[in-house]
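Asker: Quick one, structure for this:
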Amino acid sequence: MKTKLIASAAFALATCASLADVMDRPQGIKIGQRMTLRPYVSLSYTYDSNVDSTKHSKAGSQWCVNPGVSLEYLADNWKVVGSVYYQYHAYNRYVNQLNSSSYGETLQFDWTNSKADEAGWRAMFSETFQQVAQNDDMSNHGGRGIGRDRKEFTANGVVERRLNEYWHAGALASYYYLDYDNNVNKYAQLYGWRRTIAGAEAGYAPTKWTDFIVQANYQWYDQDNSEHKPNPGLRNIDSDSRGVSLMGGIASHATEKITYRALGGWSRFKYGGGADTMNGFTYQISSQWKVNSTLSLMLLGSSYYQPSERYYGTANKVYTASVGAAKSWVRGKVNTGVDICYRRESTEYTQISDADYDEDIWTGRLRVDYRINRFVSIFGSIEYQNEKTRGSTIRGRMYDYDRFRGTIGLRLTY
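Answerer: Residues are numbered from 1 along each chain as shown. From the prediction side, this is the model:
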């Protein structure tokens, strides 16, 4: 069995991937025998009960125009999948402040020179760039991404060697870049950062159903906190942070239709050039159950340390968990997806007493797509998000809010 190494702890887009597995994709434009292009354009309308994601909410709405194209190239032992998109958001409230553009691209590459369970090599690479408008969606494209215009770039790479039917080993690397649009004349500073991870993994599979895994990685963080310190009396915090993680666990197949991966272990995070050192249990969990050709279920979770994006001189421990389901109906003409996501940000170190609180964020989404024919489809979605803070009585409760969004739209594809 080939075992995918997980090079990043960002899992929130998993339900979207699950939905894509059961959707009847349009035929696209064939170029030769191996390449397919799938251009599309969509127009949607969204009602938002809380445009600012704040305790004192104000409702609004927006129109969104979204053209894009995806590419798929399938060779004998490798494949490339990519996409590029653009979105323009036109708001009916705060027109001058919020009208904005988003754009991005993704690329995935997968190569192997052997079949499953046979000795050989496998290489995987993926990257994503996004210019994100602050109200693109409530899931924030898979990261926390506090509601602010920002740039995000992610790259993950894995090289794996299967020695025989029992043993395999590999190396992994990832890079993440987060840069906020900080106009301090309009709002408070947010702190972006860059993270680089390098690691290795080894596994032993005594049977086709069981794979015992050990993984270790080292992390470098470089934060933007040197650009702005809110209070001259605060201690200077170095922009450099380091972390190390050692995990072990089990992966593979529970049955032919159920795959899973569960790792747990110890992580050490040295924040701000040694301002504070944190130790604790961390985990990575993923599981997918393809019940049949039209129904897929998924479970994902992770925990890790990171610098705070909201406060100077502050580090958090993040916990995430999500469950989702995707179902295809009426011979693939109707596709539905539902997921519930939970995120907790716990303050582990801070110089600011007002920042010493924890956040609990729940998000639920339901999406329906109806394909009228191979060229036209209509879609709708409902999203709900709730954020609660515990600990600080001064600043924390300012971020408590509820938010509801409903969207309807039309998509043209080829």
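Asker: Ala355: how many residues sit nearby?
Answerer: By other CB atoms under 10 Å, 21 other residues sit near Ala355. Any C-beta I mention is one placed from the backbone N, CA and C, and that applies to glycine too.
Asker: Quick check: nearest residue in space to it, chain neighbours excluded?
Answerer: With sequence-adjacent residues excluded and distances taken as CB to CB, 6 or more residues apart in numbering, Ala355 is closest to Tyr311, at 4.0 Å.
Asker: ok, now how distant is the one you found from Tyr399?
Answerer: 12 Å (CB to CB, to the nearest Å).
Asker: and what of Gln284?
Answerer: In this view, Gln284 and Tyr399 are 28 Å apart by CB to CB.
Asker: Those two: who's more crowded?
Answerer: Ranked by neighbour count (other CB under 10 Å), Gln284 and Tyr399 place Gln284 first, with 22 against 18.
Asker: quick one: Ile250 and Val214 touch, right?
Answerer: No: applying CB atoms under 8 Å as the test, Ile250 and Val214 come out as separate, 10.9 Å apart.
Asker: between those two, who's got more neighbours?
Answerer: Per other CB under 10 Å, whichever of Ile250 and Val214 has more neighbours is Val214, with 16 against 13.
Asker: Count the residues that sit near Asn231.
Answerer: The number of residues packed near Asn231 is 9, by other CB under 10 Å.
Asker: Make sure it is indeed in a helix.
Answerer: No: per DSSP: H, G, I helix; E, B strand; the rest coil, Asn231 lies outside any helix segment and is coil.
Asker: dump the residue contacts of it.
Answerer: Neighbour list for Asn231: Tyr312, Ile352 [criterion: CB atoms under 8 Å, 6 or more residues apart in numbering].
Asker: in stretch 179-192, what counts as buried?
Answerer: Asp179, Tyr180, Asp181, Asn182, Gln189, Leu190, Tyr191, Gly192 (16 or more other CB atoms under 10 Å).
Asker: Give me the below-cutoff pLDDT ranges for the stretch 201-350 of the chain.
Answerer: Scanning the stretch 201-350 of the chain for pLDDT under 70 picks out the ranges 227-230, 254.
Asker: those strands in it, which residues are they?
Answerer: Here the stretch 201-350 of the chain has its strands, by DSSP state E, counting those that start in this stretch, at 210-223, 240-253, 258-271, 276-292, 295-307, 314-329, 334-350.
Asker: now, among the buried residues of stretch 179-192, which is nearest to Glu105?
Answerer: Asp179 (16.6 Å; CB to CB).
Asker: Across the sheet, point out what pairs with that closest one.
Answerer: For Asp179, the beta-bridge partners are Lys151 (DSSP bridges).
Asker: Quick check: end-to-end length of stretch 201-218?
Answerer: End-to-end distance for stretch 201-218, by CA to CA, to the nearest Å: 12 Å.
Asker: Can you point out the buried residues in that stretch?
Answerer: Applying 16+ other CB under 10 Å to stretch 201-218 flags Glu201, Gly203, Ala205, Asp211, Ile213, Val214, Gln215, Asn217 as buried.
Asker: Remind me what the strand or helix carrying Ser102 packs against, helices and strands.
Answerer: Using DSSP states H and E, the element containing Ser102 is strand 100-112. The elements that strand 100-112 packs onto, with contact taken as 3 or more CB pairs under 8 Å, 6 or more residues apart in numbering; DSSP states H and E, are strand 78-91, strand 120-132.
Asker: Looking at the last one now, give me its mean pLDDT.
Answerer: Here the mean pLDDT over strand 120-132 is 94, rounded to a whole number.
Asker: can you list contacts of it?
Answerer: Taking CB under 8 Å, 6+ apart as the rule, strand 120-132 contacts 2, 4, 101-114, 140-141, 145, 149-162, 170.
Asker: Report the separation between Leu37 and Glu72.
Answerer: Distance of Leu37 to Glu72, given as CB to CB: 8 Å.
Asker: Let me know the closest of the buried residues of stretch 201-218 to Gly273.
Answerer: Gly273 has its nearest neighbour among these in Asn217, at 20.3 Å by CB to CB.
Asker: Check the contact between the closest one and Leu263; I expect there is one.
Answerer: No: judged on CB under 8 Å, Asn217 makes no contact with Leu263 at a distance of 11.1 Å.
Asker: Now for the closest residue in space to Gly249 that isn't next to it in sequence: which residues touch it?
Answerer: Nearest non-adjacent residue to Gly249, counting by CB to CB, 6+ apart: Leu263, 3.7 Å away. Residues in contact with Leu263 (CB under 8 Å, 6+ apart) are Ile213, Gln215, Met247, Gly248, Gly249, Ala251, Tyr283, Gln284, Ile285.
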